[in-house]
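*Asks:* Structure for the following, please:
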Amino acid sequence: MESTSHQPDPAATNASWPAVAKPGEPGSFLPGQQSKPVSTACGHATEAAPVEPAVPDGTDLIPDTEATEGADLLAQLRAQIAKFVILPSEQALDAATLWVAATHLQGSWQHAPRLAVVGPAKRCGKSRLLDVLTETVHQPVLTVNSTPAAVFRSITEEPPTLLVDEADTIFGSPKMAEKNEEMRGLLNAGHQRDRYVLRVVGNDHTPRRFHTFAMAAIAGIGDLPDTIMDRSIVIRMRRRAEGESVAPYRTKRDSPALHAIRDKIARWAAPLADRALCLEPSMPVEDRAADTWEPLVIVADLAGGPWPRRARQACRRMVDAEVQAEEDNPGGARILADIRRIFHAASEPEPDSMTTGQLLFALNGNEEAPWAESARGGLTPRALGAMLREFGIISGNVRLGDGTQRKGYTRHKFLDAWRRYCPTVHPVTLTATDESAGTGGRA
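*Replies:* Numbers count the residues shown, from 1 in each chain. Purely as a prediction, here's the structure:
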């Protein structure tokens, strides 16, 4: 790809967000990219006045940067992946491409993102994607139903890339998941650097630390355990529709071309290890999602061209999709979001409390929600109480309009959880009544 000097459009520059690092120059940024806190070199914080993006998703306004050799190599890799596998979206294809490139810089990362390749049924292309990844990632270690001991003994101080196929044989049912709890713990621990497995070895039972840090792609039918999904870039595969076609993959015939692009990416990435270590890109997401996506965004910033924008678009949209999937899940934040809607719809101003019976009547009566089917007769008071206790919310006596008391829930007990777990569902504005009722100082 021919490199060209970028001249940003003034209108786009003012709204561009987040900041994009200048390829090859830690601590330097493209003109007009300092409207938000920017990427910094090691130990050098840069302060800037925060500016709200001009549109809801400012990632669309990030201009192309000066392309490096890496931009062309990423484009070649992307084309090779698309040749053999149909991914569910352009963003998923970009994410898979950047994830592969990031495996060649694992020594620079604090977190090792997992790539969760999941699908609802067989023949969705999960194993085929893993085939292509195996030929392009750094030092692949392909496992199928391996023991945890064999896996962590395969990880050295210079981490390989784990590729776990048929994960549903490990985590596909509660009984399987319980039996393979050690594997889940290993995959969780390996997401962050310097988390070790301690085992005794030899006849004298000498304690020895084993490394766990390594990037991993995990493919299987159905979702993986929540703790692994939370540390993953999630690609939800689908069966090919009529009219969609891909090239058949033959290892002996097709792997040389994949190895060639793999070796080029490795050569390009090798001298960038120290720069990758020092960059701290501004991210469109926060917390663990930012930790997981940061290596991919750094690779994109180092490559330049359209990749800084595409990486952040993929990050924002794929993380948002998983947040929505979590809200739609019968457990977790879904119960909080639905109760938030019930309180909001009840009256103006919102009631200070509701009885357990009122909440259950509304929850079980929602035809698009899963509660009516959660048990024979629908969601029960005991089941509702168990779910809400996970968020520190417990029932108590509430007073009705006629002066009588029944078991129920007061609104102020939900405020902290609503603001933390479903902040976009009728956002909560604290009133004087809420403050006097007390939210524990946490909301």
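*Asks:* mind checking the SS state of residue 123?
*Replies:* Counting by DSSP: H, G, I helix; E, B strand; the rest coil, the backbone at residue 123 sits in coil.
*Asks:* got a pLDDT number for it?
*Replies:* We have a pLDDT of 83 for residue 123.
*Asks:* isn't it right up against residue 237?
*Replies:* No: contact criterion Cβ atoms under 8 Å: residue 123 and residue 237 do not qualify, at 9.6 Å. For glycine as for every other residue, the C-beta is placed from the backbone atoms N, C-alpha and C.
*Asks:* The two - which one has more neighbours?
*Replies:* Shown here are residue 123 and residue 237; by other Cβ atoms under 10 Å, residue 237 has more neighbours (24 against 11).
*Asks:* and the gap between that one and residue 126?
*Replies:* Distance of residue 237 to residue 126, computed by Cβ to Cβ, to the nearest Å: 5 Å.
*Asks:* Same question for residue 216.
*Replies:* Per Cβ to Cβ, residue 216 is found 14 Å from residue 126.
*Asks:* longest helix of the protein?
*Replies:* In the chain, with assignment by DSSP state H, the single longest helix is helix 307-328.
*Asks:* what is the mean pLDDT for stretch 77-94?
*Replies:* Mean predicted confidence for stretch 77-94 is 95.
*Asks:* Span of it from start to end?
*Replies:* By Cα to Cα, to the nearest Å, the extent of stretch 77-94 from end to end equals 10 Å.
*Asks:* re the thing from before, so what sits against both of residue 237 and residue 126?
*Replies:* When contacts are counted by Cβ atoms under 8 Å, 6 or more residues apart in numbering, residue 237 and residue 126 are jointly contacted by 117-119.
*Asks:* Could you pick out the buried ones from these?
*Replies:* 117-119 (16 or more other Cβ atoms under 10 Å).
*Asks:* that older thread, when residue 216 and residue 126 are compared, which one has more neighbours?
*Replies:* Remark: of residue 216 and residue 126, residue 216 carries more neighbours, 27 against 24, as counted by other Cβ under 10 Å.
*Asks:* hang on, the more buried one in a strand?
*Replies:* Yes: the assignment for residue 216 is a strand, going by three-state DSSP.
*Asks:* Tell me what it is bridged to.
*Replies:* Assessed by DSSP bridges, residue 216 has beta-bridge partners residue 114, residue 162.
*Asks:* and it, what pLDDT?
*Replies:* 93.
*Asks:* quick one, what contacts it?
*Replies:* Taking Cβ under 8 Å, 6+ apart, one finds 112, 114-115, 161-164, 187, 190 in contact with residue 216.
*Asks:* how near is it to residue 165?
*Replies:* Separation of residue 216 from residue 165 (Cβ to Cβ) stands at 11 Å.
*Asks:* Can you tell me how far residue 103 is from residue 89?
*Replies:* 21 Å.
*Asks:* Revised request: answer the last question for residue 400.
*Replies:* Relative to residue 89, residue 400 is positioned 50 Å away (Cβ to Cβ).
*Asks:* if you count what's nearby, which of the two comes out ahead?
*Replies:* Counted by other Cβ under 10 Å, residue 400 and residue 89 do not tie: residue 89 has more neighbours, with 15 against 12.
*Asks:* Return the distance of the more buried one relative to residue 274.
*Replies:* Counting by Cβ to Cβ, the gap from residue 89 to residue 274 is 33 Å.
*Asks:* Repeat that for residue 202.
*Replies:* Using Cβ to Cβ, residue 202 is found at 38 Å from residue 274.
*Asks:* so which of the buried ones among the shared contacts of residue 237 and residue 126 comes closest to residue 266?
*Replies:* The shortest gap between residue 266 and any of those belongs to residue 117, at 22.5 Å (Cβ to Cβ).
*Asks:* Identify the residues contacting the residue nearest to that closest one when sequence neighbours are not counted.
*Replies:* Residue nearest to residue 117 in three dimensions, not counting chain neighbours: residue 219, with 4.1 Å by Cβ to Cβ, 6 or more residues apart in numbering. Counting by Cβ under 8 Å, 6+ apart, residue 219 touches 117-118, 126-127, 129-130, 163-167.
*Asks:* And residue 71, by the same measure?
*Replies:* By Cβ under 8 Å, 6+ apart, the residues touching residue 71 are 1, 303-307.
*Asks:* again with residue 162
*Replies:* 141, 143, 151, 154-155, 190, 214-217.
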